[in-house]
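below are the sequence and a predicted model; questions follow.
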Amino acid sequence: MKRLWPGWLLCLATVGLVAHMVLVSVPEISALLGGLALPDTVPLGYDVTGAQALHAAFAADFAEAAAAGRQSASAAYVALHAGQDLAAPPLIAASLAFLAFASAFSGGTWVHPSRPGGIAIGLVLALAFSYLASDFLENAIADALFGPAAMQAGFNPSLAAVLKVMTIGKFATLILAGVLIAGLWGARWKRARA
């Protein structure tokens, strides 16, 4: 494992996919909803009232799209989760794991991390898997709440509360993993200067 370039390539591909989603795909769907943010992009999630307003916007666009013969925001949102957002969570989790492990390399060779460093790497791995589970569950709940089938079934406040928890969990794991990775790289930089 002396060569790290495949991992850096993975990180670059991850950044490219996430950037495309954030800058192109999500704004297109959001525009159909009158500019309302999708649950995936709200770090503290929607409360029940906010989720109900978003559901109403999805329902209004669903009816408008049916009359105009175009794809609804609801269908586009489910397609986003079945396409780009199906690939993004595993790529992000793998990138987090790579960044943690890469911090223990120096000059192309593995440098055994200190006990706190080893614990931090293990925690980043656990957080990467937690992020993966949270994001996939968040997507499944969002599809059940805002997908085409939900437009006819009506709003489910119980799902909205669970969606909020999954969204917060997703962002919390990303932030914690980022802090640990920054600490690992800071320790590496400090070791290199010593």
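Sure, I can see it.

name the single longest helix found in the chain.
Ranked by number of residues, the top helix in the chain under DSSP state H is helix 157-193.

list the buried residues for that helix?
159-160, 162-164, 166-174, 176-177, 180-181, 184, 187-188 (16 or more other Cβ atoms under 10 Å). C-beta here means a position set from N, CA and C on the backbone, and glycine is covered the same way.

cool, stretch 85-96 as well?
Buried residues in stretch 85-96 (16+ other Cβ under 10 Å): 85, 88-89, 91-96.

which of the residues you listed fall in helices?
Judged by DSSP H, the subset of those located in helices is 85, 88-89, 91-96.

tell me which helix or strand of this structure sits lowest on mean pLDDT?
strand 109-110 (a mean of 62; mean pLDDT, DSSP states H and E).

any idea which helix or strand comes after that one?
Counting by DSSP states H and E, the next helix or strand C-terminal to strand 109-110 is helix 115-146.

distance from the helix or strand that that next one is followed by to the middle of the chain?
As assigned by DSSP H and E, the chain's next helix or strand after helix 115-146 is helix 148-153. Centroid displacement of helix 148-153 relative to its chain, using Cα atoms, centre = their mean, to the nearest Å, is 24 Å.
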